[in-house]
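Visitor: please find the sequence and the predicted model below.
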Amino acid sequence: MSIFSKVSDYEWEISPDFRSDMRVPVRIFASESLLKDSLDDKSILQAVNASTLPGLVDAVMVMPDMHQGYGFPIGGVAATDPETGVISPGGIGYDINCGVRLLSSQIRLEEVKSWLPVLANKINQYCPSGVGVDSDLKLTKSELAEACVKGARWAEAEGYATATDVEFTEENGRLDGADPEKLSERALERGRTQLGTLGGGNHFIEVDLVSEIYHERAAQAFGLYKGEIAVQIHTGSRGFGHQICTDYVRRLQSAVHRYGIKLPDKQLVCAPIDSPDGQDYLGAMRCGANFAFLNRQLLANNVREAFEMVLAGKVDQWHLKQVYDLAHNIGKFEEHLVGGQRKKVCVHRKGATRAFGPGSAGIPKAYVEVGQPVLVPGSMGTASWVLVGTETSMRRSFGSSCHGAGRVMSRSQAKREVWGEDLLQELEDQGIEIRAGSMPGLAEEAPKAYKDVDRVVESVVGAGIAKKVARLQPLVVIKG
Amino acid sequence: MVPYGYEEVNHTADLALHVSAEDFYDMLRYAARGMYDLIGIALSETPPIEDNFEVEKNSLEVVLVDFLNELLYFLEAKRLKLSEFQFREQPEGTLEIDAQGYHVNSVQRHIKAVTFHNLEIMKTDMGVETTIIFDI
């Protein structure tokens, strides 16, 4: 613990003097106990390694849900100067724009309780999930190329999205500058059959109960009311994004030598932002990001259809309204205060969420007074949180916050300690409807394999980089 | 740890495999078997087919990652599990690989990619060894 200087009860720093190749400090947002827990894996070492990248601005930041990744830690945030800095695929991740969408409703629990098993079956039927499962929607390569340039606007034009959905999505569901010419044939081949699929692993769809409200004004702005139903969708860019990252991590292995960049870990591979390699990766990555926005949009459309099929005529209002959709693996150009001056920087978030505060540009008009929603899903069967960004996050963390609970246990250990069938029974005994593709897969996602999300949220709130708005309890969990 | 072969090692969020072999091509074979074991594959009864692919000659680590990523591609795109590898180095600088492709019914787990994280193939008295991290 001696390498950490305490800034506050929930903020710590490692000075760049700690290691000779560090270019900036490492700033960690965590309670002391979560910080001590993080020493069980290599997440802090990975943050120190990330701080060696050229062109970094201010500090490398780590969120309290941190855990060991490859290259960057999960829960890492790093910003680079567009002129002197690098872009690193490892700082964004293989699942480009893995993220979360939250939908609200005016459905009260008592109206829908008896229909939850049927609703679970219908959502499971309408939303393709699991390993190797393709979409019913199969695009040609040129259609896919068009879709990932237009992003959410493509979904709107095709009738899968409303204008409100687009407005209440980070970046309006589209990163500018997506370039399908920078995609491999293999990426296009993988992506064209996967739009509108959930995937497996820790991806899920949940029907939740809004169980507590902590910030009335923000909750009202977001359309969240205690006792009403909400829906979360957690997924990303599927094989399309994975292939893009694979292609560019491979390509940049040789590029780093050309640019004279020395790396403590090959997975930190990068290229100068203003180089052809850097620009090509940005063009491809933005395609992956736009694909993921579309993916969550199509799934949301299918969930809405499931709600209509089951609940129309049985409840007054079965419609689902978009609260927000945000990314937790992405690289974007944003303006932030650096040394007292507004400056454009390339923000890498890997397992971290944008958390813009009140008054920020780039968030929906309806949220400008309160700030941007921050969605923090817990582990399966446990609570999730809706937070809101703050002015402190804009000053201390490049407008970023945590993204979830963070793993503490390997998948093999989870499978050794938990029997999927037992876990299923436990969750059902708690009144949660579970639809899972695989019992071993369910065991791997057991709550004990993750940190306590309440402790993670306590840390970001304690650090001032987010505020609590609402707590969500799961009623239905669909896992791939 | 057996002298040659593969073994899953603990990794918090992803999967890791330690592989040791007498030589590099055997390492590729064991790494393939280990990765497929981590995925958990059920095969169909359809007779296997012959298939082949190539990877560019490069550092051993890059060839290993490229080889395994090709296997992931075959699994996803063609629903084939490849084995019985035969390796042929071509004068133009590629490694050609012939294999038997077995048709796949289902998989338990999806590996997104093979990473370069801390990847180093080390020579030992007995041959070569490495630890590979897979993103899932």
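Guide: Looks like it came in fine.

Visitor: what about stretch A:212-222, average pLDDT?
Guide: In this model, stretch A:212-222 has an average pLDDT of 98.

Visitor: where's the closest residue to chain B within the stretch 51-200 of chain A relative to residue A:436, distance?
Guide: Chain B sits closest to residue A:70 of the stretch 51-200 of chain A, with a gap of 3.2 Å, by CB to the nearest CB. Backbone N, C-alpha and C define where each C-beta goes, glycine included. Separation of residue A:70 from residue A:436 (CB to CB, to the nearest Å): 27 Å.

Visitor: so these two - more neighbours on which side?
Guide: Between residue A:70 and residue A:436, residue A:70 has the larger neighbour count (other CB atoms under 10 Å in any protein chain shown), namely 29 against 24.

Visitor: biggest helix in the chain by residues?
Guide: All of this is about chain A. Longest helix of chain A, by residue count under DSSP state H: helix A:276-311.

Visitor: let me rephrase: I mean chain B.
Guide: Longest helix in chain B, counting by DSSP H: helix B:24-39.

Visitor: can you point out the buried residues in it?
Guide: Residues of helix B:24-39 classed as buried by neighbour count (16 or more other CB atoms under 10 Å in any protein chain shown): B:24-32, B:34-36, B:38-39.

Visitor: just the strands in chain B please.
Guide: B:5-9, B:15-21, B:41-43, B:49-56, B:80-89, B:94-107, B:113-114, B:122-123, B:128-135 (DSSP state E).

Visitor: with just CA atoms, put the longest one into CSV.
Guide: Presented in CSV, the C-alpha positions along strand B:94-107 are these (Å, rounded to 0.1, in the frame of the first residue of the first chain):
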residue,chain,number,x,y,z
THR,B,94,4.2,-18.5,-45.4
LEU,B,95,3.4,-21.5,-43.3
GLU,B,96,0.8,-23.8,-44.9
ILE,B,97,-1.3,-26.0,-42.6
ASP,B,98,-3.3,-29.0,-43.7
ALA,B,99,-5.8,-30.3,-41.3
GLN,B,100,-8.8,-32.6,-40.8
GLY,B,101,-12.0,-30.6,-40.2
TYR,B,102,-14.7,-32.1,-37.9
HIS,B,103,-18.2,-30.7,-38.0
VAL,B,104,-19.3,-29.0,-34.8
ASN,B,105,-22.8,-29.5,-33.3
SER,B,106,-22.5,-27.1,-30.4
VAL,B,107,-20.0,-25.2,-28.3
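
Visitor: do it and chain A meet?
Guide: Yes: using CB under 8 Å from any CB of the partner chain, strand B:94-107 reaches chain A at B:106, B:107.

Visitor: please compute how far that strand lies from its chain's middle.
Guide: With CA atoms, centre = their mean, to the nearest Å as the basis, strand B:94-107 stands 10 Å off its chain's centre.

Visitor: sheet-wise, list the partners of it with their directions.
Guide: Partners of strand B:94-107 in the sheet, by DSSP bridges, are strand B:41-43 (antiparallel), strand B:49-56 (antiparallel), strand B:80-89 (antiparallel).

Visitor: circling back to that earlier point, contacts for the helix or strand just after the longest helix of chain A next, please.
Guide: For helix A:276-311, the following helix or strand on the C-terminal side (DSSP states H and E) is strand A:320-327. Applying CB atoms under 8 Å, 6 or more residues apart in numbering or on different chains, the external contacts of strand A:320-327 come out as A:97-105, A:162, A:164-165, A:168-170, A:173, A:222-224, A:230-231, A:289, A:292-293, A:296-297, A:300, A:303-304, A:307, A:349, A:353-354, A:364, A:372-375, A:386.

Visitor: quick check: mean pLDDT across strand A:320-327?
Guide: Averaging pLDDT along strand A:320-327 yields 98.

Visitor: next secondary structure after it?
Guide: strand A:329-338.

Visitor: next, the nearest residue in space to residue A:55 that is not next to it in sequence: phi, psi?
Guide: Among residues not flanking residue A:55 along the chain, residue A:85 sits closest, at 2.3 Å (CB to CB, 6 or more residues apart in numbering or on different chains). The phi/psi pair for residue A:85 (degrees, to the nearest 10) reads phi -100, psi 180.

Visitor: same deal with residue A:462?
Guide: Dihedral pair for residue A:462: phi -60, psi -30, per degrees, to the nearest 10.

Visitor: and the closest residue to residue B:25 other than its chain neighbours, bridged to which residues?
Guide: In this structure, residue B:25 finds its nearest non-sequential neighbour in residue B:87, 5.1 Å apart by CB to CB, 6+ apart. Legend: beta-bridge partners of residue B:87 under DSSP bridges are residue B:97.

Visitor: so who does residue B:87 touch?
Guide: Here residue B:87 is in contact with B:25, B:28, B:95, B:96, B:97 (CB under 8 Å, 6+ apart).

Visitor: please determine how far the residue nearest to the spatial centre of chain B is located from residue B:8.
Guide: Of all residues in chain B, the one closest to the mean position by CA atoms, centre = their mean is residue B:32, 2.8 Å from it. Look at residue B:32 and residue B:8: by CB to CB, they are 15 Å apart.

Visitor: with residue A:216 instead?
Guide: For residue A:216 relative to residue B:8 (CB to CB), the value is 49 Å.

Visitor: neighbour count winner among those two?
Guide: residue B:8 (15 against 11).

Visitor: what about chain B, any weak spots by pLDDT?
Guide: Filtered on pLDDT under 70, chain B yields the residue ranges B:1-2.

Visitor: point out the residues in it that sit beside chain A.
Guide: Chain B has residues B:8, B:10-15, B:40, B:61-62, B:65-66, B:69, B:73, B:76-77, B:79, B:106-110, B:112-119, B:133, B:135-136 near chain A, with proximity defined as CB under 8 Å from any CB.

Visitor: report whether the host helix or strand of residue A:413 contacts chain B.
Guide: Taking DSSP H and E as the definition, one finds residue A:413 inside helix A:411-417. Yes: Helix A:411-417 reaches chain B (CB under 8 Å from any CB) through A:411, A:412, A:413.
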